[in-house]
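In: next one to model:
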Amino acid sequence: MWQTLDDLCEFQLEGMQQSLDCYPVWGEWTPQIAGTITPGVHTYLYQVGTWHRVGPLVTIWARISLSALDPAIEGNFCIIGQPFAGCGVQDHHEALAISEYSHIPFGIEVGFTQLGASIDGATPNIILPRRSGPGKGGAQIPVSCLTDTSAIMVGGSYLTDD
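Out: Prediction:
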């Protein structure tokens with residue numbers, strides 16, 4: 001097993017052609033609320049994000065709050081702008097957590113009771129908030145559930161091919 005970070009960085013993953021570049025790096029990013037068909041150009045009260053990366057593992061955090069939602073937005077609610085794309089493997093889902101949200105009436109009246117988020121291989125450059133509930137599978141959230149004052153905080157880790 002590894003004794004130091006240098007030992008880990010020299011470790012060869014089985015089947016990989018190069019050594020794992022695992023020295024930690026970090027930075028900031030600017031998350032944006034968008035629609036999957038038409039993103040829209042919104043006005044934000046705040047939009048902040050941070051990221052940390054060790055090898056192919058990226059950990060992100062984002063907090064976004066709208067002050068005006070562009071009425072041209074269309075499709076399903078997503079968050080764009082993350083610093084690294086997901087791994088891009090079809091049917092591979094990286095789960096993220098939504099720790100806080102407000103003014104997103106996502107369908108409690110029709111049985112949706114929980115929010116979650118993921119990055120999936122089919123759409124590696126966007127974060128998809130999802131809704132679910134008892135007897136209901138996960139479903140994307142239509143942009144009609146967003147308001148001028150919607151806010152969300154999301155975070156988690158995912159793998160990248162970058």
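
In: which residues does the nearest residue in space to Ile141 that is not next to it in sequence bridge with?
Out: Once flanking residues are discounted, Ile141 sits nearest to Phe77: 4.4 Å by C-beta to C-beta, 6 or more residues apart in numbering. C-beta: built from backbone N, CA, C; applies to glycine. Phe77 has these beta-bridge partners by DSSP bridges: Gly35.

In: for Phe77, give me its contacts.
Out: Phe77 is in contact with Ile33, Ala34, Gly35, Ile104, Leu128, Pro129, Gln140, Ile141, Pro142, Val143, Cys145, Leu146, counting by C-beta atoms under 8 Å, 6 or more residues apart in numbering.

In: which pLDDT value does the model give it?
Out: According to the prediction, Phe77 has pLDDT 93.

In: which one (most neighbours) among the contacts of Phe77?
Out: When neighbours are taken as other C-beta atoms under 10 Å, the top entry among these is Ile33 (26 neighbours).

In: how far out from the middle of the chain is the helix or strand encompassing it?
Out: Ile33 belongs to strand 32-35 when assigned by DSSP states H and E. Strand 32-35 sits 11 Å away from the centroid of its parent chain (C-alpha atoms, centre = their mean, to the nearest Å).
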